[in-house]
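A.B. asks: Below are the sequence and a predicted model for it; my questions follow.
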Amino acid sequence: MDHAFGISAGTAVLLLLAIALALSFEFVNGFHDTANAVATVIYTKALRPWQAVIWSGGWNLIGVLISSGAVAFGILALLPVELVLNVGSGAGFAMVFSLLVSAIIWNLGTWYFGLPASSSHTLIGAIMGVGLANSLLSPGHVFGEGVNWGKVSDTGKALLFSPIIGFAVSALLLLASKAVLKRPELYQPPKGDAPPSPWIRGLLILTCTGVSFSHGSNDGQKGMGLIMLILIGILPGVFAVNPSLGGAALSAFTASSQTAQSVIERHVPIGERGASMLVASASDVVTGKTPDALALSAYLKASGKADARTWSALAAVNLELAHTVASVKSLGDLPQSQRKELRSDAYLVGSSIGKLQSQHLITAGEATTLSSYRKLLTQVTNFIPLWVKIAVALCLGLGTMIGWKRIVVTVGERIGKAHLTYGQGASAELVAWGTIQAADIFGLPVSTTHVLSSGVAGTMAANGSGIQGSTIRNIVMAWLLTLPVCVFLGSLLFAGGLLFLARLGIH
């Protein structure tokens, strides 16, 4: 029996379970990353715990609501192309479940021991595990194919350098503030339950606000991206493209697509032109993909460079995409049956352009044209409904409300040999705020946990307070183990999920 959305009861159950897992991931994320945002104001008595959690939750919500979505869909770019395009399949469900369960298991384990760990690392490790397992289990794949190693490298650099920046810049900021702000009370630890003076309290609330806002605009997007992946795969007629896009935006898209088409066709050899008119094989008809779409998908999965067939396929798929968009006044006017195909075409064209640029196969002038077009392609596909943003923000806030204490105690008392001072807390949070905002601008996921924890350690070193070696060793060990453990968990659960769903008859 089918539901109103045209899906079976079994698929509806899997859909609800997948969304519940994605929201659970954000709930557990609140234990870690969002708890860091309130650590200093709670520890320094600037705000009571319930006040801090509500205040931070509100600013997390604002950050989530105004977020661009760049980080959300940047995370999805790490996933294997064929799984992204077929999320509603058994392999797609196995991918989503294995990603989320792996991340939740590791986050809960590190939280239980009071170790600030990175939800970003857990998710990226699980994604790599899924990609590696998929390449190993899929016929005709070379081990490691399908993992977006370029994007993994960019994300890995952001996650690696952000703690170093947090440590060094926080230390320098504390030293600079000591030289400029000659206020002894700023550099003292809290005494009993007495709140700090009003101006220090205002400073700490301000830095808490900034970290909460930036955390929502960055970390909150990870869960949003996964929820959208689930919705797009299972309900493409509703969520595959942005239905509100129309008018001047579509006119600009059509003009840009024509300019991009002329650039692409320069690279298509005369002998390859018209190749897209070849009749699809029986297997192509079964998968519902044209030979051109299959050619682009194969190019994105493989490690080699583009050939003449790749350029021909790109020209054909882009031409079909442009014709589809030009045929309507708004994407909301598209029949639901065409929306998934339009999204797949836009994803393939945009990803192929990105890979061609990374392989330096186009000139600087062509890169400018194609980059502009690629940004417009993302407007077609990258949208997040308001209810998804609100649900994610609420889960972050609830997670913080329940799990804040373990992380707050670690940040306030167990990183340094002396208790955290007001100035140290403010310095670490200011640097975390700025680092996360910068990463958000560039669409890079960074760890609030890593930046803030390393920032606190940097201020302890600069203050001469000393660092508790055992705590730092445990935190660093957790950081180092996060990726390999989550790669293992992701690959193991993906393989197990494929087997389980196959037995249920879901392919």
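C.D. replies: Looks like it arrived, so ask away. Worth saying up front: this structure is predicted, and the values here are computed from it rather than measured. Residues are numbered from 1 along each chain as shown.
A.B. asks: residues near L480, how many?
C.D. replies: Residues lying near L480 (other Cβ atoms under 10 Å) number 11. Where you see a C-beta, it was placed from the backbone N, CA and C, and this is true even at glycine.
A.B. asks: How about L300?
C.D. replies: Counted by other Cβ under 10 Å, the residues lying close to L300 total 22.
A.B. asks: and the host helix or strand of it, what other elements does it pack with?
C.D. replies: When elements are assigned from DSSP states H and E, L300 belongs to helix 291-301. Other helices and strands packing on helix 291-301, by 3 or more Cβ pairs under 8 Å, 6 or more residues apart in numbering; DSSP states H and E, are helix 81-85, helix 282-287, helix 308-326, helix 336-358.
A.B. asks: What average pLDDT does that helix get?
C.D. replies: Averaged over helix 291-301, pLDDT sits at 84.
A.B. asks: Also stretch 166-180?
C.D. replies: Averaging pLDDT along stretch 166-180 yields 92.
A.B. asks: what comes up buried for that stretch?
C.D. replies: Neighbour counts over stretch 166-180 (16 or more other Cβ atoms under 10 Å) mark G166, F167, A168, V169, S170, A171, L173, L174, S177, K178 as buried.
A.B. asks: And stretch 292-310, by the same measure?
C.D. replies: Result for stretch 292-310 [16+ other Cβ under 10 Å]: buried residues 292-301, 306, 309-310.
A.B. asks: Could you export the helix holding L300 as CSV, CA atoms only?
C.D. replies: What follows is helix 291-301 as a C-alpha-only set of coordinates in CSV (Å, rounded to 0.1, in the frame of the first residue of the first chain):
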residue,chain,number,x,y,z
PRO,A,291,24.7,6.7,-21.7
ASP,A,292,25.9,10.3,-21.2
ALA,A,293,24.9,10.3,-17.5
LEU,A,294,26.6,7.0,-17.0
ALA,A,295,29.7,8.3,-18.7
LEU,A,296,29.9,11.3,-16.3
SER,A,297,29.2,9.1,-13.3
ALA,A,298,32.1,6.8,-14.4
TYR,A,299,34.4,9.8,-14.8
LEU,A,300,33.6,11.1,-11.3
LYS,A,301,34.1,7.6,-9.7
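A.B. asks: got the angle for that helix vs helix 336-358?
C.D. replies: Counting by axes from the mean of the first three to the mean of the last three Cα atoms, to 10 degrees, helix 291-301 points 40 degrees away from the direction of helix 336-358.
A.B. asks: would you list the buried residues of stretch 292-310 in CSV and tack on distance to G156?
C.D. replies: CSV is the format used below for the buried residues of stretch 292-310 (distance: Cβ to Cβ, whole Å):
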residue, distance to G156
D292, 33
A293, 30
L294, 30
A295, 30
L296, 26
S297, 25
A298, 26
Y299, 24
L300, 20
K301, 21
A306, 25
R309, 32
T310, 27
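A.B. asks: okay if I get the helices and strands packed on helix 291-301 as TSV plus mean pLDDT and distance to V130?
C.D. replies: Supplementary listing: the helices and strands packed on helix 291-301 in TSV, determined by pLDDT from 0 to 100; distance: least, Cβ to Cβ, whole Å:
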stretch	mean pLDDT	distance to V130
helix 81-85	67	7
helix 282-287	37	21
helix 308-326	91	25
helix 336-358	88	17
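A.B. asks: out of those helices, which comes closest to M128?
C.D. replies: When these are compared by Cβ to Cβ, helix 81-85 sits nearest M128, at 13.0 Å.
A.B. asks: Export the helices and strands packed on helix 291-301 as a markdown table, with columns for distance to K389.
C.D. replies: Putting the helices and strands packed on helix 291-301 into a markdown table (distance: least, Cβ to Cβ, whole Å) gives the following:
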| stretch | distance to K389 |
| --- | --- |
| helix 81-85 | 21 |
| helix 282-287 | 34 |
| helix 308-326 | 26 |
| helix 336-358 | 20 |
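A.B. asks: To G74, which of these lies closest?
C.D. replies: G74 lies closest to helix 336-358 among the helices and strands packed on helix 291-301, at 11.4 Å (Cβ to Cβ).
A.B. asks: Dump the helix or strand following the closest one to PDB, restricted to CA.
C.D. replies: Next helix or strand after helix 336-358 toward the C-terminus (DSSP H and E): helix 364-381. The C-alpha trace of helix 364-381 is given here as PDB (Å, rounded to 0.1, in the frame of the first residue of the first chain):
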ATOM      1  CA  ALA A 364      41.800  30.500 -16.500                       C
ATOM      2  CA  GLY A 365      39.200  32.300 -18.600                       C
ATOM      3  CA  GLU A 366      37.100  29.100 -19.000                       C
ATOM      4  CA  ALA A 367      37.400  28.500 -15.300                       C
ATOM      5  CA  THR A 368      35.800  31.900 -14.500                       C
ATOM      6  CA  THR A 369      32.800  31.100 -16.700                       C
ATOM      7  CA  LEU A 370      32.300  27.600 -15.500                       C
ATOM      8  CA  SER A 371      32.700  28.500 -11.800                       C
ATOM      9  CA  SER A 372      30.000  31.100 -12.100                       C
ATOM     10  CA  TYR A 373      27.700  28.500 -13.800                       C
ATOM     11  CA  ARG A 374      28.500  26.000 -11.100                       C
ATOM     12  CA  LYS A 375      27.400  28.400  -8.400                       C
ATOM     13  CA  LEU A 376      24.000  28.800 -10.200                       C
ATOM     14  CA  LEU A 377      23.700  25.000 -10.400                       C
ATOM     15  CA  THR A 378      23.900  24.800  -6.600                       C
ATOM     16  CA  GLN A 379      21.000  27.200  -6.400                       C
ATOM     17  CA  VAL A 380      18.900  24.700  -8.300                       C
ATOM     18  CA  THR A 381      19.600  21.800  -5.900                       C
END
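A.B. asks: tell me the domain boundaries of this structure?
C.D. replies: 9-234+394-503, 245-381 (automatic domain parsing).
A.B. asks: most tightly surrounded among those?
C.D. replies: A comparison of those by mean neighbour count, using mean count of other Cβ atoms under 10 Å, puts domain 9-234+394-503 on top with a mean of 21.
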